[in-house]
Structures are given as structure tokens and as C-alpha cells.
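Provide a 3D model corresponding to the input given below.
(one chain, ligands or ions: 1)
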Amino acid sequence: MSLLSAFRRLRPPMWARRLMPQAQWQGRPDAIYLTFDDGPHPESTPAILGLLKNARWPATFFILGQRAQQYPHLIAAIRSDGHQVGNHGHAHLHGWWTPTARYLDNWQRGHHISQSRLFRPPYGKLRPAQYRAVIAAGHRIVMWSVMPYDFADRPASPKEWIPTLQGGDIIVLHDTPRGLRYLEKILPLLQHTINDHGWKAASLAS
Ligand SMILES: [Zn+2]
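Numbers count the residues shown, from 1 in each chain. Here you go, the predicted model:
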């Protein structure tokens, strides 16, 4: 295990949840939620949609406004397959390093394009003023309960986390070519696990 991977957390720590108590960290206890950030992407989005269709797995895509403007047909495909669309901002901004006015403008632009009141902050990082403004506008901040690091050189092994799943878990994955390869690996195992527990696959309610 590398030093870096020793500091990775498959599940967000309790203090993070306490900092954003009004964010959603968990779903209904009888369901498992797959979420895909950072798309759409001309290679991975169609392939991910194909995998999800075969598995009959509704999911949630937290899209970037600027990518959606580039590939509107992919957003239409996500919607017509019955998946939920959420807002990941117009550009992929880190809240801590972005002045609040600019951050909120970016969130609003993402909202206009996604037409969604579900907001997943990039990197999961928000300043308190940003968090309060998004909540006050009646939007829901959606975090996650499981992060398998599908974007990393060495993602978490499926055996490391799939057996530890609990009903209600929100899993964060990525709509990227690398995320697609990871999804191919885990989807059969996930399917098996939810069947064993009697959970259902679900997209997030808007
Ligand atoms: Zn992201």
C-alpha cells in the first residue's frame, strides 16, 4: 500500500458529515445508488448507458454544464434512458479555492443547464457560505457514502468495499473512460450483492 492510499477513505469521515448536516449522505435503506460525476463524455457516456441498460440499473449523472453544452445529445440520451441528471457545476471548481460569488455563479450556470436542484460539489468541498447559499435556494447537496477511487491509478479493489455495502449507500463513480473500465469490472459483482440483500438499484429522487 502506498503512503497516499493509506490516507484514502472509502467512506467519508463523521466530521465531514457534521460539517454539512443538511447534505444528503445516504439514500433509502432498501436501495443502492450509483452516481457518475464529471460527464458527459463522448466515449464513456454511451458505453456506461449501455452497461446500465443491460443491468437494468437506474443511476444519477452529475454533469458539468460546459461538457453538457458540448454534447447535448448525450444529456438527452441519459434522460431518455430514465436516469436522473444532477448538477456538478458549469466548470469543475473547488469551493475552498474559489471566491463565493464566483462559485455560486458557476453553480447557477450548472443549474440552468442541468435543470436540476441536486448539486454535487466538485471534490465534495464547499465553504460554509457556499453551502448555506445552495441550501437556502432550496437545492439539495448530494454527497456520497462510498468512494472507490475509480479515477486513481489504483482504484479500490472491488473486494475491499462491495462486501461492506449497506442499504442506502450512495457510490460515487466517474463518467470518464477510466471510470467506464472500473464500472465494467464491478457491475456484475454489484448486481449479485444487491440481489443477495434484496436491495434495489435506484437513481436519486429529484
Ligand atoms: Zn467531479
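
now the helices: where do they sit in the protein?
3-6, 14-19, 44-55, 65-70, 72-80, 100-114, 128-136, 158-161, 177-197 (DSSP state H).

in TSV, list those helices along with mean neighbour count.
C-beta here means a position set from N, CA and C on the backbone, and glycine is covered the same way. Converted to TSV, the helices of the chain look like this (neighbours: other Cβ atoms under 10 Å):
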stretch	mean neighbour count
helix 3-6	9
helix 14-19	11
helix 44-55	18
helix 65-70	17
helix 72-80	15
helix 100-114	18
helix 128-136	16
helix 158-161	14
helix 177-197	16
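
residue 94 is nearest to which of those?
For the helices of the chain, distance to residue 94 was read as Cβ to Cβ. The smallest value, 9.0 Å, belongs to helix 100-114.

quick one: that closest one to chain centroid distance?
18 Å (Cα atoms, centre = their mean, to the nearest Å).

ok, residues contacting that helix?
Residues outside helix 100-114 that contact it (Cβ atoms under 8 Å, 6 or more residues apart in numbering): 63-65, 68-69, 75, 85-91, 93, 95, 98, 117, 119, 127, 129-130, 133-134, 139.

got JSON lines for the helices of the chain, with distance to residue 150 too?
JSON lines is the format used below for these (distance: least, Cβ to Cβ, whole Å):
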{"stretch": "helix 3-6", "distance to residue 150": "14"}
{"stretch": "helix 14-19", "distance to residue 150": "20"}
{"stretch": "helix 44-55", "distance to residue 150": "11"}
{"stretch": "helix 65-70", "distance to residue 150": "18"}
{"stretch": "helix 72-80", "distance to residue 150": "18"}
{"stretch": "helix 100-114", "distance to residue 150": "22"}
{"stretch": "helix 128-136", "distance to residue 150": "25"}
{"stretch": "helix 158-161", "distance to residue 150": "10"}
{"stretch": "helix 177-197", "distance to residue 150": "4"}
